[in-house]
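[1] This is a predicted model, with the sequence first.
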Amino acid sequence: MRVAVLLKQVPDTTAKIGVSGSRVDESAITKWSISPYDEYALESAIALKESGADELVAITFGPQRASKCLTEAAAVGADRLIHIVTDADFMDSCTVQSILSSAIERSECDIVLCGKQAADTNSGSTGPGVASLLGYSCVGSVTEVSMDGGKLSATRLGATGLERIEVSGPCVFTFDKGEVELRRPNVRGIMMAKKKPIESIGIEDLGIEIGSPRASLKSHSSPPEKPPGQRFEGAGSIEIVVGKLRDEANVI
Amino acid sequence: MAYEALDFYDIDSLLTDEERMIRDVVRDWVEERILPNIEDACREGVFPDEWRAEIGEMGILGAPLKGYGCPGLSYTAYGLICQELERGDSGVRSFASVQGSLAMYPIWDFGSEEQKEKYLPGMASGELVGCFGLTEPDYGSNPGDMLTKAEDKGDYFLLNGAKMWITNGTIADLAVVWAKLDGVIRGFIVEKEDEGFTAPEMKGKHSLKASITSELVFQDCKIPKDRILPDVRGLRGPFSCLNNARFGISWGAVGAAQSCFNSAKEYALSRIQFGHPIASFQLVQNKLSWMLREITKGQLLAYHLGKKKDDGTWIPEQISLAKMNNVDMALEIARMSRDIHGANGILDEYPVMRHMANLESVKTYEGTHDIHNLILGRHITGIQSFTREP
């Protein structure tokens, strides 16, 4: 059983986001990290490896800087690192899915773990899309996956409570935030990771044809600005404030 | 908001990827584990045992040492680790400095093969805690006149004397103790169960409150013959340990200063007086600019010294200068930062008063500020001024 974990590099959730024109200015972002839901996928992937999976392959698709995700994954236990390098600014979800599924196929992984959505785009399409292209089953929003012999089972929060789902055969699991504590790399892991080669490949190496995108970005605008706050001073304004809280904000 | 460490001259670009990763692991750990809990630890006067375990798990103890389960990192990486730990608290950095530079290092450099194999792997993983006994109640800057003595009793050594101001003493599994054997300073490894050895904790500190400080008392303490460090005699032994620890302090002080600077900057930008943020007033800007200037110089000193440690071209006087300068500047910055915070600066809501109180100890331990001046004075003039004797 070979496990692939898909990692996307996104601006760290605590990083300052600057806007240039009407777009986020990527060059001003000082800290990039593995997308938080992907971190849960990675943690679970390591646990699968510890319970007997043959190999853990970490795959990222993104610009040169994204290779840092792979080194971080290696530092906590990923065996093989694949970086599909791109400088493309925007790619539709279908294209991304076909690139990733082709890399998964090439590395012969039958179990795929990824976050349920990325922290930047929040589209939530990668996991199900990859599963559909590969013909794998897909279990969404899981918090834990375990392996017993050839059988895999996952826990997910369903409509009526926690569900335990058993899966046989190749499967994609998308991860939600779980109770599990993420492990932190240690120095030994970091030193080993440094020696681990990253297979850096281009889209053309995957032997797939990127046709014209089926979806394209038509327009882009900033969300409407919030109206400014109102300020009241002095004890005399208490009545006005109470009135506004009651009649306008409907909170009292 | 993510912590953005002051790095005005882009030292970050001089680091290797691996050094940056190690720094970030320690930085994140400090952020998650130290900063939310440090005030409680200080109030209770404890160094929580889980911190020991987690520092061990990170694999950063004895950072620059190679082999025997030690990480084998560059001195720059070791410095970065100290910087991040001390950005949290000087007491936390002290734990790591004492374990790595003062307890592991002498065993690694001067110990027998058996001693290295017996102690170093457990110390590197944090399972065994070490301490370092040099200073005595009456001999601080002048350790050469120490009274603690060892006698060769044929089958064993008998140790008598007392050490003081020993970081990690009470929680230590072993102590590297310097004592005179036939008038010559030698290193001995004392284990906590050894007969005649006790390590009572010193209470009532206003500084380094989250660090354990102890006395080591040897009353006819019997230790086996194979616990002497075979490969060193005289003050060279303890002094070579101190060189490494002082190097770490020169980086650590930068971390404490960065913490105080950030707090001062944020406070000055948000505190409104006379209708404007106090950061808009020239006197406050002058202070912030002085802090930026001093931290930047301190960073460059520490970084360059790390390179010299790595390529072996350093001299001890360069370490004296960096330790003395960086602790001095960090202490001044802590005081200035407290000043910018006004009355709020004395509250434990802000880290500055804690850093300030800690740095008073750091200024004194590992060679006082004045002793480092004398070391440099001797280097410049060729004339020693430590003692009255010619």
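    Yep, that arrived. Residues are numbered from 1 along each chain as shown, chains lettered A, B, ... in the order given.

[2] Partner strands of the longest strand seen in chain A, with direction?
    The single longest strand within chain A, with elements called by DSSP state E, is strand A:137-148. In the sheet, strand A:137-148 lines up against strand A:151-157 (antiparallel), strand A:171-175 (parallel) (DSSP bridges).

[3] who touches the last one?
    Outside of strand A:171-175, the residues that reach it under the criterion C-beta atoms under 8 Å, 6 or more residues apart in numbering or on different chains are A:37-38, A:40-41, A:44, A:110-117, A:124, A:126-128, A:130-131, A:134, A:136-143, A:145, A:152, A:154. For glycine as for every other residue, the C-beta is placed from the backbone atoms N, C-alpha and C.

[4] just the first one next, same as before
    Residues lying outside strand A:151-157 but in contact with it, judged by C-beta under 8 Å, 6+ apart, are A:111, A:139-146, A:162-168, A:171, A:173, A:176.

[5] Each with direction, which strands does whichever helix or strand comes after that strand pair with?
    On the C-terminal side of strand A:151-157, the closest following helix or strand by DSSP states H and E is strand A:162-167. Using DSSP bridges, strand A:162-167 pairs in its sheet with strand A:151-157 (antiparallel).

[6] gap between the strand it pairs with and the chain center?
    Mean C-alpha position of strand A:151-157 versus that of the full chain (C-alpha atoms, centre = their mean, to the nearest Å) differs by 19 Å.

[7] Would you map the strands across chain A?
    Ranges of strands in chain A, per DSSP E, are A:2-7, A:9-11, A:19-20, A:23-24, A:32-34, A:55-62, A:80-85, A:111-115, A:137-148, A:151-157, A:162-167, A:171-175, A:198-201.

[8] As JSON lines, the ones you listed with distance to residue B:176 and mean pLDDT would be great.
    Listed next are the strands of chain A as JSON lines, based on distance: least, C-beta to C-beta, whole Å; pLDDT from 0 to 100:
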{"stretch": "strand A:2-7", "distance to residue B:176": "44", "mean pLDDT": "97"}
{"stretch": "strand A:9-11", "distance to residue B:176": "45", "mean pLDDT": "95"}
{"stretch": "strand A:19-20", "distance to residue B:176": "56", "mean pLDDT": "82"}
{"stretch": "strand A:23-24", "distance to residue B:176": "54", "mean pLDDT": "80"}
{"stretch": "strand A:32-34", "distance to residue B:176": "40", "mean pLDDT": "93"}
{"stretch": "strand A:55-62", "distance to residue B:176": "42", "mean pLDDT": "97"}
{"stretch": "strand A:80-85", "distance to residue B:176": "42", "mean pLDDT": "97"}
{"stretch": "strand A:111-115", "distance to residue B:176": "47", "mean pLDDT": "97"}
{"stretch": "strand A:137-148", "distance to residue B:176": "46", "mean pLDDT": "94"}
{"stretch": "strand A:151-157", "distance to residue B:176": "50", "mean pLDDT": "93"}
{"stretch": "strand A:162-167", "distance to residue B:176": "53", "mean pLDDT": "94"}
{"stretch": "strand A:171-175", "distance to residue B:176": "48", "mean pLDDT": "97"}
{"stretch": "strand A:198-201", "distance to residue B:176": "42", "mean pLDDT": "96"}
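
[9] Out of those, flag the one nearest residue A:220.
    Shortest distance between residue A:220 and the strands of chain A, using C-beta to C-beta, is found for strand A:23-24: 6.9 Å.
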